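Participant: build the 3D model from these lines:
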Amino acid sequence: IGCVAEAVGFLFVILWLPIKVGPVSALFILIPLFVARWAVVQNGEEQRAHERTLTALVAAAEARDHVVKGRDVDALAGERGGEGRVCVQHRARRREGRVDVAVQLPFGRRCERTVGAPVGVDVGSKAEIHGIVRDSQGRKMSKSLGNGIDPLEVIAQYGADALRFMLVDGSTPGNDMRYIEKKVEAARNFANKLWNATRFVLMNCEGQDCGLNDHTQAECDAGGYLDFSQADRWISSVLQQVEADVAKGFAEYRLDNVANTIYDFVWNEFCDWYLEIAKVQIQTGTQAQQRATRRTLIRVLEAILRLAHPIIPFVTEALWQVVAPVAGLPGASIAIAAYPQAQAEKIDEAAESYVARIQAMVDACRTLRGEMGVSPAQRLPLLAVADTPDDAQFLRTNAAVLKNLAKLSDVQVFDDAAAWAQAAQTAPVSVV
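Facilitator: I've put the predicted structure just below:
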């Protein structure tokens, strides 16, 4: 009925318009009208052709796991070359009883279809829309400008994980990102940092007693089998907050926050502080303290690898295959291991405050060293006076840690301020 009505309307216009405005004027009016109508018909045919393409792709993917190429789409759609060519950018595959097909249409349009989804299965109702990757000057990459980047060359030089981390770290919502090679290099250095930290942990834990035997809570409380230090409890507590922040980042699609959180924890907390404290605890601690330190080292590292796996999958898989058996955790692959979940009961604010005091002392020593222009390699004595007996005991207990972190030759704690002032007459002073 609609087609008949449209035909009658066109016939009326063709007969009536020349009488009303004259043959020449009618010609100038009718030609654009017919061209516009022809374009509408062609656009409808194009959309139907793309719909037929999707239907054929779905059928092919349902029949078998099928990676669809551009030529396959041309054959399925009955199209050959030209601007109407359909280009598939993702795989049409079977997954959890459904088939996902994504087709890139001409002029930047895109359509997707998910079919065969079983009842009760979430096929995904949200999508991450990120900005484009521009060159270092903020220009779009193009062949005419010659500023394109070959990802295979970047991967060959820095590794796939470095490129992935750089892209995730720079994916700020609502903004395009610039490709800066220094950032890829920094991501490569992060992967190296994680690799070297794993080597240190394995060197101290592999073939050693890591406190993984069955034991009661009472044995731990009494410090008989495992005697966890404040630093051990601190790194475990901070890890819980990191796991919560990572989960929040994923939930809010802030992948840049996920990458930054993991980077900051691994580099600034685990490597710069805890590993250095762990060296002292393993060298000077009791058997129970050494077991607790090794257990904390291997378990925290294993959790870090699972946290970072979505961003840097290759290096974390390689490291996890070696770390997981030492940590006493079974599994064929990190890809199918459970993702870390924060445990609020492991948060220890007292341990965090305790380690914050150690960090403040070390920072004060490093600041004084820098102000005096003393080389970091030169060891100097620390002369300290405490306001309370508890502060004095804190300094004496952590003397070995302070010597290692602040590069000190000795730690002398004075109970009498007058004796301290006499000994430190020519030394720089810092109040902490």
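Participant: where does the closest residue to V258 other than its chain neighbours sit: helix, strand or coil?
Facilitator: Among residues not flanking V258 along the chain, G249 sits closest, at 3.8 Å (CB to CB, 6 or more residues apart in numbering). Bear in mind the C-beta positions are built from the backbone N, C-alpha and C, glycine included. Per DSSP: H, G, I helix; E, B strand; the rest coil, the local secondary structure of G249 is helix.
Participant: so what's G249 up against?
Facilitator: 255, 257-258, 261 (CB atoms under 8 Å, 6 or more residues apart in numbering).
Participant: what does K407 give?
Facilitator: Counting by CB under 8 Å, 6+ apart, K407 makes contact with 369, 376-380.
Participant: out of those residues, who's the most crowded?
Facilitator: Within those, most neighbours by other CB atoms under 10 Å means R369, with 18 neighbours.
Participant: what helix or strand does it sit in?
Facilitator: R369 belongs to helix 349-372 when assigned by DSSP states H and E.
Participant: who does that helix touch, helix- and strand-wise?
Facilitator: With contacts taken as 3 or more CB pairs under 8 Å, 6 or more residues apart in numbering; DSSP states H and E, helix 349-372 sits against helix 230-251, helix 399-405.
Participant: average pLDDT across the helix or strand that the shortest one is followed by?
Facilitator: The reference is to helix 399-405. Next in sequence after helix 399-405, counting helices and strands by DSSP H and E, comes strand 408-414. Across strand 408-414, pLDDT averages out at 85.
Participant: quick one: residues in contact with strand 408-414.
Facilitator: Identification of contacts with strand 408-414 by CB under 8 Å, 6+ apart yields 365, 379-386, 392, 395-396, 399, 402-403, 420, 423.
Participant: cool, stretch 210-218 as well?
Facilitator: 225-226, 291-292, 294-295, 298, 326-328.
Participant: again, only using 7 Å
Facilitator: 225-226, 291-292, 294-295, 298, 326, 328 (CB atoms under 7 Å, 6 or more residues apart in numbering).
Participant: that one: which residues count as buried?
Facilitator: By 16 or more other CB atoms under 10 Å, the buried positions in stretch 210-218 come out as 210-211.
Participant: using CSV, list the CA coordinates for it.
Facilitator: Extracted in CSV, the C-alpha atoms of stretch 210-218 (Å, rounded to 0.1, in the frame of the first residue of the first chain):
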residue,chain,number,x,y,z
CYS,A,210,58.1,-20.6,53.5
GLY,A,211,55.7,-21.4,56.4
LEU,A,212,53.2,-23.3,54.3
ASN,A,213,52.8,-26.2,56.7
ASP,A,214,49.6,-26.8,58.5
HIS,A,215,49.5,-24.9,61.9
THR,A,216,47.1,-23.5,64.3
GLN,A,217,46.2,-19.8,64.9
ALA,A,218,47.6,-20.2,68.5
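Participant: can you tell me the SS state at Q341?
Facilitator: Here Q341 is recorded as coil under three-state DSSP.
Participant: buried residues in stretch 135-145?
Facilitator: For stretch 135-145, the neighbour count (16+ other CB under 10 Å) marks D135 as buried.
Participant: one more: stretch 391-405?
Facilitator: Buried, per 16+ other CB under 10 Å, within stretch 391-405: 392, 394-395, 398-405.
Participant: please apply the same query to stretch 248-259.
Facilitator: 249, 253-259.
Participant: need the max-distance pair from those.
Facilitator: Y253 and A259 (12.8 Å; CB to CB).
Participant: so where's this protein uncertain?
Facilitator: 1-10, 12-18, 20-21, 24, 26-30, 33, 35-129, 215, 219-223, 424-432 (pLDDT under 70).
Participant: ranges for the strands of it?
Facilitator: Along the chain, the segments classed as strands by DSSP state E run 87-88, 93-95, 98-104, 110-115, 133-134, 177-178, 380-385, 408-414.
Participant: in contact with the nearest residue to D135 once chain neighbours are set aside: list those residues for me.
Facilitator: Excluding the flanking residues, the one nearest D135 by CB to CB, 6+ apart is N147, at 4.4 Å. Contacts here follow CB under 7 Å, 6+ apart; on that basis N147 touches 135, 139, 141.
Participant: which members of the residues you listed are positioned in helices?
Facilitator: If you go by DSSP state H, the contacts of N147 have nothing in helices.
Participant: distance to E243 added to those, as TSV?
Facilitator: What follows is those, written out as TSV (distance: CB to CB, whole Å):
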residue	distance to E243
D135	36
R139	39
M141	36
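Participant: ok, so of the residues you listed, who is nearest F270?
Facilitator: Once CB to CB is applied, the member of the contacts of N147 that ends up nearest F270 is D135, at 34.4 Å.
Participant: list phi and psi for the closest one.
Facilitator: The phi/psi pair for D135 (degrees, to the nearest 10) reads phi -80, psi -180.
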